[in-house]
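Engineer: how would this look folded up:
(chains A and B)
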Number of protein chains: 2
Amino acid sequence: MKHIAVVVTDYFEDSEYTEPIKAFKEKGHKITNIGFEAGKTVKGKRGESQATIDKSIDEVKVSEFDALLIPGGFSPDILRADDRFVKFVKEFVESEKPIFAICHGPQLLITANVVKGVRMTGYKSIVQDLNNAGVIFEDKSVVVDKNFVTSRTPDDLPDFIRESLNKLNY
Amino acid sequence: MKHIAVVVTDYFEDSEYTEPIKAFKEKGHKITNIGFEAGKTVKGKRGESQATIDKSIDEVKVSEFDALLIPGGFSPDILRADDRFVKFVKEFVESEKPIFAICHGPQLLITANVVKGVRMTGYKSIVQDLNNAGVIFEDKSVVVDKNFVTSRTPDDLPDFIRESLNKLNY
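Structural biologist: Alright, predicted model coming up:
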């Protein structure tokens, strides 16, 4: 059993949160939703799903977790405007634990300044940002490099989940 | 009287659309809302305002307009995933006509690859993206350089509107 941190807030891409969480739980892994305020409910941008924040970003340390999930939608852009989330993500990368980021999820990695020279994919709108950040961009359903697993859209979820689960058996 | 193109879709930051539009109209300027589909109504992310799309991106040419407004919110990120909007914005910059971009508005300029060496500001979440794109970032309420007027947030609207109106008298 691994303990997976999920950084999430409003406007997350519904299925990019719900489907990996479901798959991780089915394999017996533990999930902790991390956001601005413990106990608060955050909503997906499609209005199909919600999540309860288990812990505020002020209450968590990277050492408590084995992996990090960053669902897409507009959630990552909201989180990266807050230095505490950027610091947490940066420390996660430095810990060399697995990081799963889909769609706009890599935006948080760009702001944490940890992606130079890494092979990655992401949603079309952020491709230029990834290139400018020094990412070696690949237009594939899933890219695994170093400790990063990245995908582009909800259509890529089966590949994203498969490779993320693979990483959890590291 | 100048003719101002506005590229806008759902999840725009309400006041970053409504307030400049109001100020431009009060001075007698003409506004054309450009989006995915003419006649469609798009909604602000705060649910306080909406806009009707006057023309589809397929119907417009830069030569019809004197200036371009890019309101913020999540609208610019949605638009830049569509190559037609990126091309329109790129041609606008090449025309050397004024461009007014606030908050996340500069995301469209990054994807159009037209910002290297330009002094600009923008919303906190995109600062790293602006730096990586070669922008000379300034943390000010409004930055005017070349034909660009840029601001950070709704709080900057008075300065943004004042400098945009100044540019319209070019």
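Engineer: so which residues of chain A form helices?
Structural biologist: Applying DSSP state H to chain A gives helices spanning A:14-26, A:75-79, A:83-94, A:106-111, A:127-132, A:157-168.
Engineer: how about the residues of chain A that lie near chain B?
Structural biologist: Residues of chain A lying near chain B by Cβ under 8 Å from any Cβ of the partner chain: A:11, A:74, A:77-78, A:80-81, A:104, A:107, A:110-111, A:113, A:123-125, A:127-129, A:132-134. Where C-beta positions appear, they are placed from N, C-alpha and C, glycine not excepted.
Engineer: turn the buried ones among those into a named PyMOL selection, would you?
Structural biologist: Filtering these down to the buried ones (16 or more other Cβ atoms under 10 Å in any protein chain shown) takes a single PyMOL command:
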select buried, chain A and resi 11+74+77+78+80+104+107+110+111+123+125+127+128+129+132+133
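Engineer: now for the helices of chain A, which one comes closest to residue B:48?
Structural biologist: helix A:75-79 (18.4 Å; Cβ to Cβ).
Engineer: excluding covalently adjacent residues, which one is nearest to residue A:56?
Structural biologist: Leaving aside its chain neighbours, residue A:56 sits nearest to residue A:38 (4.8 Å; criterion: Cβ to Cβ, 6 or more residues apart in numbering or on different chains).
Engineer: check contacts around the spatially most central residue of chain A.
Structural biologist: With distances taken as Cα atoms, centre = their mean, the residue of chain A nearest its centroid is residue A:70 (1.3 Å). Contacts for residue A:70 (Cβ atoms under 8 Å, 6 or more residues apart in numbering or on different chains) come out as A:6-7, A:76, A:89, A:99-102, A:105-106, A:108-109.
Engineer: leaving out sequence neighbours, find the closest residue to it.
Structural biologist: The shortest distance from residue A:70 to any non-neighbouring residue, by Cβ to Cβ, 6+ apart, is to residue A:105 (3.5 Å).
Engineer: look up how far residue B:152 lies from the one you found.
Structural biologist: Per Cβ to Cβ, to the nearest Å, residue A:105 is found 24 Å from residue B:152.
Engineer: and these two? Which one has more around it.
Structural biologist: Between residue A:105 and residue B:152, counting by other Cβ atoms under 10 Å in any protein chain shown, residue A:105 is the more crowded of the two (30 against 23).
Engineer: is residue A:59 in contact with residue A:38, as I believe?
Structural biologist: Yes: in this structure, residue A:59 is within contact of residue A:38 by Cβ atoms under 8 Å, at 6.8 Å.
Engineer: ok, these two, which is more surrounded?
Structural biologist: With neighbours defined as other Cβ under 10 Å, residue A:59 and residue A:38 compare such that residue A:38 has more, 15 against 11.
Engineer: pLDDT at the more buried one, what is it?
Structural biologist: You'll see residue A:38 listed with a pLDDT of 98.
Engineer: with residue A:170 instead?
Structural biologist: pLDDT, read off for residue A:170, is 68.
Engineer: again, but for residue A:126
Structural biologist: Reading off the confidence values, residue A:126 has pLDDT 98.
Engineer: report the contact partners of it.
Structural biologist: By Cβ under 8 Å, 6+ apart, residue A:126 lies in contact with A:104, A:106-107, A:110.
Engineer: repeat for residue A:145
Structural biologist: With the criterion set at Cβ under 8 Å, 6+ apart, residue A:145 makes contact with A:118-120.
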